[in-house]
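Peer 1: Need coordinates for the following:
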Amino acid sequence: MAQDPLFGYFSAVAGADQQIDAKELQQCLTSSGISGTYQPFNLETCRIMISMLDRDYSGKMGFNEFKELWSALNQWKTTFMTYDRDCSGTVEPHELHQAITSWGYNLSPNCLALLVKRYGQDNRIPFDEFVSCAVRLRLATDQFRRRDTAQTGSAQFLYDDFMQVVMYI
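Peer 2: Numbers count the residues shown, from 1 in each chain. Presented below is the predicted three-dimensional model:
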């Protein structure tokens, strides 16, 4: 059986435990070229990418999680390129809104404005921040859905549970 081509990028930075932390993920993604002509991913974005798939809260990811992340990154990159119509390497607020809507999220104008303020630089969102936003939307939505068992759009959190969720994402 042929070796997965992604394994070369992964194993080049993974330690003996075959796990990678945020710094190693940053090195791996930079060497893979997945960010294309965009700026490399910053360390915080790498941390939250690991958080998205870190089911054992180890702060690291194995190769299977890396492959899952790779798939998500490629989908986000395709979405980003679709909405970066002027090929500036950034998306504008209305393009971010369209991208988020294409993923099935229905956020209020106030929430969208907050995302632009949080992830934007001069009212434009670069790829690294776009991915950071996508990861946090996915994580927060997953955590909310786990608690909204009746799918009513309402969930109850104990304070400590809420703090664990928001501090980890």
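
Peer 1: what about residue 35, is that helix, strand or coil?
Peer 2: What DSSP: H, G, I helix; E, B strand; the rest coil gives for residue 35 is coil.

Peer 1: Contacts only, for it.
Peer 2: For residue 35, the contact set (CB atoms under 8 Å, 6 or more residues apart in numbering) comprises 29, 41, 127-128. Quick note: C-beta positions are derived from backbone N, CA and C, even for glycine.

Peer 1: switch the cut-off to 10 Å
Peer 2: Residues near residue 35 by CB atoms under 10 Å, 6 or more residues apart in numbering: 29, 41, 45, 73, 77, 127-128, 131.

Peer 1: Among those, which pair sits farthest apart?
Peer 2: The distance between the two most remote of the contacts of residue 35 (CB to CB) is 13.2 Å, for 45 and 77.

Peer 1: Any stretches of this protein with poor pLDDT?
Peer 2: 1-2 (pLDDT under 70).

Peer 1: make it 50
Peer 2: Scanning the chain for pLDDT under 50 picks out the ranges 1.

Peer 1: which SSE is the residue positioned nearest the centre of it in?
Peer 2: For the chain, the residue sitting closest to the mean C-alpha position, by CA atoms, centre = their mean, is residue 135 at 2.7 Å. Per DSSP states H and E: residue 135 is located in helix 127-147.

Peer 1: Against which helices or strands is that helix packed?
Peer 2: helix 43-53, helix 63-83, strand 90-91, helix 93-102, helix 109-119, strand 125-126, helix 159-168 (3 or more CB pairs under 10 Å, 6 or more residues apart in numbering; DSSP states H and E).

Peer 1: now the angle between helix 109-119 and that helix, please.
Peer 2: With axes from the mean of the first three to the mean of the last three CA atoms, to 10 degrees defining the directions, helix 127-147 sits at 130 degrees from helix 109-119.

Peer 1: Give me the angle between helix 127-147 and helix 43-53.
Peer 2: Going by the same axes, to 10 degrees, helix 127-147 makes 30 degrees with helix 43-53.

Peer 1: Fine by me, we can end here.
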